[in-house]
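**Q** Predicted model and sequence follow; I will ask about them next.
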Amino acid sequence: MPEWILIAIRALGTLMFLFVLTRILGKKQISQLTFFEYVIGITLGDLAGNISTDVEANYFHGVIAILVWVLVPLVLELLTLKSKTLRGWFEGNGRVLIKDGKVLEGNLRKERYTGDELLEQLRTKGVFRVADVEFAMLESSGDLSILLKSENQPLTPKHLGMKLAIEKPTQAVMMDGVIQDEPLAAAGKSRGWLHTELDKLGVAKENVFLGQVNTDGELTVDLFDDKLQVPSPTERPALLACLKKCEADLELYSLTTSNIEAKHMYEACSIQLTQVIQQVHTILRA
């Protein structure tokens, strides 16, 4: 058998073998690696390359070596799930670099971190002044987690006392001109509704590159033809305008009626509707 065919077979077998082992190790092996996992990943790659191309070496000896390098970390990972001490040994612990708004220079030296490196890490988080940070910890993965001071944190609806509707995930109901039935059902919509919405927008199904239904049940599309302008959804602004019209009508009825009871009823309903409009104005205005 020619050597190139043998190498191709060995490489294909090793690739499939590593794929299975990586799935067994879990997603951590392909996300944020600890130092131990980083070393394992490099070693496995080197072993896989050697047994794939070294046709004179015993293939199964290489497989055994890979198994050892996989099974030992797997056993250790199962043990660390039950022991915090072992987790500290193998995965490391985070270290506080900024506390109560003050940089802990001693901890910086322990991590061999310079002031420039700290500022660089802060800038990657969108923070350009150390004085804005209340707390910062260098995680075992090497990532820097920060907590801004209260006055520097972003304003949220909770700070304003606003209650918003529960945000549901946006569903991609069309892709490459093809209707995706499962996301469409998850959005609580039907094909008939989708065709109606496309007719309202004046676009053909085949011209839709991506169609999404947001948490408010509105359809937004991106077309293959970028020159075509797609109108924005108008359901929410139209609903807000309708509520305001009802409010104005109630005020008008209260002014024009001569019946005292009816006047008070219209005024009370107008006040209630005004309160409702104030609560939903931010949501419907978008």
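**A** Nice, thanks for sending it over. Numbers count the residues shown, from 1 in each chain.
**Q** Which SSE is immediately downstream of the helix or strand hosting Leu240?
**A** Per DSSP states H and E, Leu240 falls inside helix 235-256. Counting by DSSP H and E, the next helix or strand C-terminal to helix 235-256 is helix 260-285.
**Q** Next, the buried residues of that next one.
**A** Buried residues in helix 260-285, counted by 16 or more other CB atoms under 10 Å: Tyr266, Cys269, Ser270, Leu273, Leu284. C-beta: built from backbone N, CA, C; applies to glycine.
**Q** what about Met174, neighbour count?
**A** Met174 is flanked by 23 other residues according to other CB atoms under 10 Å.
**Q** ok, what's across the strand from it?
**A** Following DSSP bridges, Met174 is listed with bridge partners Ile179, Gly211.
**Q** give the contact list for it.
**A** Contact analysis of Met174 by CB atoms under 8 Å, 6 or more residues apart in numbering lists Gln180, Leu194, Lys205, Val208, Leu210, Gly211, Val221.
**Q** Point out the other helices and strands that the helix or strand encompassing Ser52 packs with.
**A** Secondary structure from DSSP H and E places Ser52 in helix 35-53. Applying 3 or more CB pairs under 8 Å, 6 or more residues apart in numbering; DSSP states H and E, one finds that helix 35-53 contacts helix 3-25, helix 59-80.
**Q** how about Tyr253, what does it touch?
**A** Contacts for Tyr253 (CB under 8 Å, 6+ apart) come out as Ala262, Tyr266.
**Q** now it: how far from Cys242?
**A** 16 Å (CB to CB, to the nearest Å).
**Q** hang on, the earlier thing: turn the helices and strands packed on helix 35-53 into CSV, columns for mean neighbour count.
**A** Below are those laid out as CSV (neighbours: other CB atoms under 10 Å):
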stretch, mean neighbour count
helix 3-25, 13
helix 59-80, 14
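**Q** buried subset of the contacts of Met174?
**A** Taking 16+ other CB under 10 Å as the criterion, what is buried in the contacts of Met174 is Gln180, Leu194, Val208, Gly211, Val221.
**Q** Please enumerate the strands of the stretch 51-200 of the chain.
**A** Using DSSP state E, counting those that start in this stretch, the strands found in the stretch 51-200 of the chain span residues 95-99, 102-103, 133-138, 144-148, 171-175, 178-179.
**Q** want to try TSV for these, with distance to Asn50 and mean pLDDT as columns?
**A** Below are the strands of the stretch 51-200 of the chain laid out as TSV (distance: least, CB to CB, whole Å; pLDDT from 0 to 100):
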stretch	distance to Asn50	mean pLDDT
strand 95-99	37	92
strand 102-103	46	92
strand 133-138	35	94
strand 144-148	37	93
strand 171-175	42	93
strand 178-179	45	92
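**Q** Mind putting those strands into TSV with distance to Val75?
**A** Converted to TSV, the strands of the stretch 51-200 of the chain look like this (distance: least, CB to CB, whole Å):
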stretch	distance to Val75
strand 95-99	28
strand 102-103	40
strand 133-138	28
strand 144-148	30
strand 171-175	41
strand 178-179	46
